[in-house]
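A.B. asks: show me the folded form of this:
(one chain, ligands or ions: 1)
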Amino acid sequence: MTLTDSVLVGEVRPLPVLYSFRRCPYAMRARLAIVASGMKVEIREIVLRNKPEHMLSLSPKGTVPVLWLTDGTVLEQSLDVMKWALGLSDRNDLMKLSVDERVGAEQIVAVLDGEFKHHLDRYKYPERYSAKEEGFDRMSHRSAGVEILRGWSDRIAAQGHLVCDRLTWVDLAALPFVRQFRIPEPEWFDSLPEIAALSKRLAEFVVSPWFEAAMVKLEPWKPGDAAIVFPK
Ligand SMILES: N[C@@H](CCC(=O)N[C@@H](CS)C(=O)NCC(=O)O)C(=O)O
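C.D. replies: Alright, predicted model coming up:
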């Protein structure tokens with residue numbers, strides 16, 4: 001048994017522990033689902049360049065969010081954290097979808113976490129890709145991203161929300177990434193007529209009580225710190 005094991009075994013934890021990073025959109029969607037569910041966790045803010053050893057011992061892949069449940073189970077994918085929280089308590093019926101809606105939801109999330117994230121990263125962080133990818137063209141990634149956003153905006157304009165006429169977990173999963181896409185050129189983003197419905201939804205979202213609760217500012221956690229309950 002290593003020192004870390006003995007610490008884990010000996011620790012008494014009344015709440016699940018969420019390793020999180022405020023600005024990470026994956027961690028944001030996890031925190032949003034926790035807020036929406038009414039569940040409580042102990043939150044540990046991390047710094048990506050100096051990840052806590054304990055977090056890495058739970059999840060060596062080193063991405064946030066990581067949720068450590070009280071029975072020792074580790075969830076290391078943001079969508080699994082969302083499904084855990086809303087699976088236990090879904091006061092707003094965010095996961096209550098018909099079979100067809102569920103198919104639509106999975107399709108949107110596949111594009112969101114796949115193609116859209118691909119273009120978002122290259123538009124937002126061109127310096128990470130320009131030397132590595134032959135023929136790299138930031139603006140073509142921006143256009144491809146807008147094309148995907150246009151489809152989502154059309155859905156919102158037609159039915160009110162991304163999947164159907166009600167808010168669902170997919171809106172919470174997607175909006176943090178739409179927010180990321182706006183950050184490099186907010187005025188340009190806000191001026192695009194083809195995504196006006198989505199821009200409006202994003203503007204409402206970032207001032208909503210759920211988002212504000214999810215974006216609480218915390219000092220980075222270190223071993224021995226008193227537990228911080230999230231949400232407040
Ligand atoms: N598939 C993962 C992706 C999580 C992810 O990539 N998080 C980023 C921060 S936004 C991260 O932790 N990256 C590790 C690093 O930059 O060192 C999930 O859905 O949770």
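A.B. asks: phi, psi for V17 please.
C.D. replies: Phi and psi for V17, reported as degrees, to the nearest 10, are phi -110, psi 130.
A.B. asks: Q107 - how many residues pack around it?
C.D. replies: 12 (other Cβ atoms under 10 Å). C-betas here are computed from N, CA, C, even on glycine.
A.B. asks: I'd like the next helix or strand past the helix or strand of the chain at the bottom of the mean pLDDT ranking.
C.D. replies: The least trusted helix or strand in the chain, going by mean pLDDT, DSSP states H and E, turns out to be helix 3-10, with a mean of 47. As assigned by DSSP states H and E, the chain's next helix or strand after helix 3-10 is strand 17-20.
A.B. asks: is that following strand positioned near the ligand?
C.D. replies: No - contact of strand 17-20 with the ligand (Cβ under 6 Å from any ligand atom) is absent, the minimum separation being 9.2 Å.
A.B. asks: mean confidence for that strand?
C.D. replies: For strand 17-20, mean pLDDT is 98.
A.B. asks: and what of stretch 207-218?
C.D. replies: 98.
A.B. asks: buried set for it?
C.D. replies: 210-211, 213-214, 216 (16 or more other Cβ atoms under 10 Å).
A.B. asks: so R150: helix, strand or coil?
C.D. replies: Secondary structure, DSSP: H, G, I helix; E, B strand; the rest coil: R150 is helix.
A.B. asks: look up how far A157 lies from the residue nearest to it when sequence neighbours are not counted.
C.D. replies: Residue nearest to R150 in three dimensions, not counting chain neighbours: E194, with 4.7 Å by Cβ to Cβ, 6 or more residues apart in numbering. E194 is 10 Å from A157, where distance means Cβ to Cβ, to the nearest Å.
A.B. asks: give me the residues contacting the helix or strand hosting F211.
C.D. replies: If you go by DSSP H and E, F211 is part of helix 209-214. Residues from elsewhere that reach helix 209-214 (Cβ atoms under 8 Å, 6 or more residues apart in numbering): 28, 31-32, 34-36, 172, 205, 231-232.
A.B. asks: what two of the residues you listed are the furthest from one another?
C.D. replies: Largest separation among the contacts of helix 209-214 by Cβ to Cβ: F205 and K232, giving 19.6 Å.
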